[in-house]
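**Q** Predicted model and sequence follow; I will ask about them next.
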Amino acid sequence: MDIVVEHLTKRYGPQKAVDNVSFRVKAGEVLGFLGPNGAGKTTTMKAIACFIKPEEGDILVGGYSIHEHPEIIKKNIGYLAENNPLYQEMNIIDFLEFIAKIHGIPKYLIPERILDMIRTCGLEGEKHKLIGELSKGYQQRVGLAQALIHDPDILILDEPTTGLDPNQIVEIRELIKRIGKEKTVILSSHILAEVEATCDRILIINNGRIVVDGTAAELRKQAQGNEILKLGVQGGSVDDIFEHLFEIETIDSIDLLDVEKQLFEIQSLPDTSSVKAIFDSCVRNNYYITELTPTETKLEDIFRDLTLH
Ligand code: ATP
């Protein structure tokens with residue numbers, strides 16, 4: 001099922017938590033919703049799941065509007081809320097049965113669905129335990145199981161790895177990836193590495209507005225601009241190397257990074273690459289290259305630039 005968000009605006013008093021946000025999620029896509037605290041991620045996801053009504057705009061889920069058919073949309077969405085509120089005193093099976101009944105799953109199908117969820121979410125070893133006795137990672141698995149029990153097409157996960165230890169984070173990410181092969185997933189996070197590891201596409205939201213929409217590779221490309229190379233050259237003096245490099249027409253600027261190692265940072269003119277010309281020049285002048293690598297713009301830097309007020 002596709003999700004189309006059109007001009008979504010939600011106010012809390014005078015504050016716009018979400019301000020004229022539009023985007024699409026294609027069926028089967030795993031979308032990472034990224035932004036600092038208070039950016040508007042939860043508000044947007046709650047609006048998609050029909051938990052809150054926006055003042056302006058519409059959301060179409062599989063062609064159904066949140067204003068006209070919230071009941072149909074709710075049937076097709078599984079939601080894992082931030083901090084994953086669960087009934088601590090229930091055991092996993094009873095809890096999943098309770099959730100299945102709320103969803104109106106026919107009674108005769110419930111045991112099968114529960115078994116399926118226990119298998120999918122890797123809960124076999126813990127299934128008779130009380131939820132309150134489980135580790136945070138396993139509680140998160142129960143949260144995923146309750147979000148999936150009615151077999152929705154779409155899964156919305158609000159900060160699914162918050163509060164987990166590094167091993168649990170890896171396990172939950174793997175699980176989300178596996179589930180993401182069959183479902184449309186929207187996952188929110190304020191950690192860039194998280195969405196990069198799990199998602200096909202990244203949407204960055206800041207102050208209620210979308211500031212970036214693209215794949216991690218597109219994001220890098222967009223931010224990269226001019227080619228920047230790190231070059232190490234030996235076999236000649238720094239001055240001579242400088243002079244020869246400056247003869248290359250595509251080079252815009254050269255910085256000396258390390259005198260001892262003769263390391264340079266070279267920036268090319270827009271839409272040009274200087275790699276081949278540098279190589280040819282070094283061969284012509286009997287220098288030898290100890291390093292020639294493009295400098296990658298870190299996604300973290302892009303994210304910080306985009307979301308600093
Ligand atoms: P976080 O990562 O901290 O959960 P978020 O990106 O999910 O942040 P939202 O929870 O959507 O952000 O909040 C967006 C803005 O709306 C914030 O400034 C928040 O304080 C405000 N807000 C959210 N819910 C309410 C509410 N029920 N009443 C008043 N203001 C709210």
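**A** Looks like it came in fine. Numbering: from 1, shown residues only.

**Q** can you count the residues close to residue 238?
**A** Residue 238 has 12 neighbours, counted by other CB atoms under 10 Å. For every residue, glycine as well, the C-beta is placed using N, CA and C.

**Q** what do you get for residue 110?
**A** Neighbours of residue 110 using other CB under 10 Å come to 17.

**Q** what's the helix or strand for it?
**A** helix 110-120 (DSSP states H and E).

**Q** Mind listing what's buried along that helix?
**A** 110, 113, 114, 117, 118, 120 (16 or more other CB atoms under 10 Å).

**Q** Check stretch 59-75 too.
**A** 59, 60, 61, 62, 64, 66, 69, 70, 73, 74.

**Q** ok, the fifth one to the ligand distance?
**A** By that I understand residue 64. Noted for residue 64: a distance of 23 Å to the ligand, by CB to the nearest ligand atom, to the nearest Å.

**Q** Ok, residue 112 next?
**A** Taken as CB to the nearest ligand atom, the span from residue 112 to the ligand is 35 Å.

**Q** cool, residue 83 as well?
**A** 10 Å.

**Q** give the contact list for that residue.
**A** 162, 163 (CB atoms under 8 Å, 6 or more residues apart in numbering).

**Q** Quick check: the farthest pair among the buried residues of helix 110-120?
**A** 110 and 120 (15.4 Å; CB to CB).

**Q** Moving C-terminal from the helix holding residue 110, which element do we reach first?
**A** helix 136-148.

**Q** ok so, going back, just give me how far the helix holding residue 110 sits from the chain centre.
**A** Distance of helix 110-120 from the chain centroid (CA atoms, centre = their mean, to the nearest Å) equals 28 Å.

**Q** Name the residues of stretch 184-194 that come out as buried.
**A** 184, 185, 186, 187, 188, 189, 190, 191, 192, 194.

**Q** how far out from the middle of the chain is the strand or helix carrying the fifth one?
**A** If I follow you right, that is residue 188. For residue 188, the enclosing helix or strand under DSSP H and E is strand 184-189. The gap between the average C-alpha position of strand 184-189 and the chain average comes to 7 Å, counting by CA atoms, centre = their mean.

**Q** I'd like the next helix or strand past it.
**A** Remark: after strand 184-189, the chain's next helix or strand is helix 192-198, criterion DSSP H and E.

**Q** If you count contacts, what does the helix or strand following that next one end up packed against?
**A** Scanning forward in sequence from helix 192-198 by DSSP H and E, the next helix or strand is strand 201-206. Packing contacts for strand 201-206, counted by 3 or more CB pairs under 8 Å, 6 or more residues apart in numbering; DSSP states H and E, involve strand 30-34, strand 209-214, helix 299-307.

**Q** roughly how far apart are residue 161 and the ligand?
**A** Counting by CB to the nearest ligand atom, the gap from residue 161 to the ligand is 13 Å.

**Q** who's in contact with that residue?
**A** 140, 168, 169, 172, 173, 189, 191, 194.

**Q** the domain parsing of the chain - what is it?
**A** As given by automatic domain parsing, the domain ranges for the chain are 3-222, 224-296.
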